[in-house]
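Visitor: structural data only, the sequence is not supplied:
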C-alpha cells in the first residue's frame, strides 16, 4: 500500500521542529563535558522520545535544524518542544499516540529539572 502525500500538514511541521529540538537536547547531554550517569540517562530518554516523535513525521518529511534552540539549556529546549505540542490536535484526526508522546516529553522536563546544568 502506498500513500500519496500532498504537502506538509501544520501538525507535521510542529513534529519536525520538535524532533530538531530533541536532537539538539540529546547532543547537549551526549557531549556534556562531565561524565554524569544522570545526564546519560536523561540523554537516553530524550533519544527514545525523539524516536517516538519520528514515527509521527509525514512520509518523506525531512527534519531541519531548529532556529529556536540556539544556545538554550536542555530543560529550555524540552520546554520549547513541549510548547510546540500545543499545536497538535487530539481526537480522531490526531497523530497516533500523540498524548503518550506529550506525557513522555513532560516526564523528560521534570527529569531535566533535577539535573544540574
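Guide: Everything's here; your move. Please read all numbers here as calculations on a predicted model, not as lab measurements. Numbering: from 1, shown residues only.
Visitor: from here on, just use CA atoms for contacts and neighbour counts.
Guide: Fine.
Visitor: buried stuff in the helix or strand containing residue 42?
Guide: Applying DSSP states H and E as the criterion places residue 42 in helix 37-54. For helix 37-54, the neighbour count (16 or more other Cα atoms under 10 Å) marks 39-40, 42-43, 45-47, 49-50, 52-54 as buried.
Visitor: excluding residues flanking it in the chain, which one is nearest residue 74?
Guide: residue 25 (5.0 Å; Cα to Cα, 6 or more residues apart in numbering).
Visitor: ok now the helix holding residue 42, how far from the chain's centre?
Guide: Averaging C-alpha positions (Cα atoms, centre = their mean, to the nearest Å) puts helix 37-54 9 Å from its chain's average.
Visitor: what lies in contact with it?
Guide: 15-16, 18-19, 22-23, 25-26, 29-30, 101, 104-105, 108, 111-112, 115 (Cα atoms under 8 Å, 6 or more residues apart in numbering).
Visitor: picking up where we left off before, pLDDT added to the buried residues of helix 37-54, as CSV?
Guide: Conversion of these to CSV gives the following (pLDDT from 0 to 100):
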residue, pLDDT
39, 89
40, 89
42, 94
43, 94
45, 96
46, 97
47, 96
49, 95
50, 94
52, 89
53, 89
54, 87
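Visitor: closest to residue 83 among those?
Guide: residue 53 (14.5 Å; Cα to Cα).
Visitor: roughly how far does that closest one sit from residue 17?
Guide: 10 Å (Cα to Cα, to the nearest Å).
Visitor: again with residue 84
Guide: From residue 84 over to residue 17 (counting by Cα to Cα), the distance is 8 Å.
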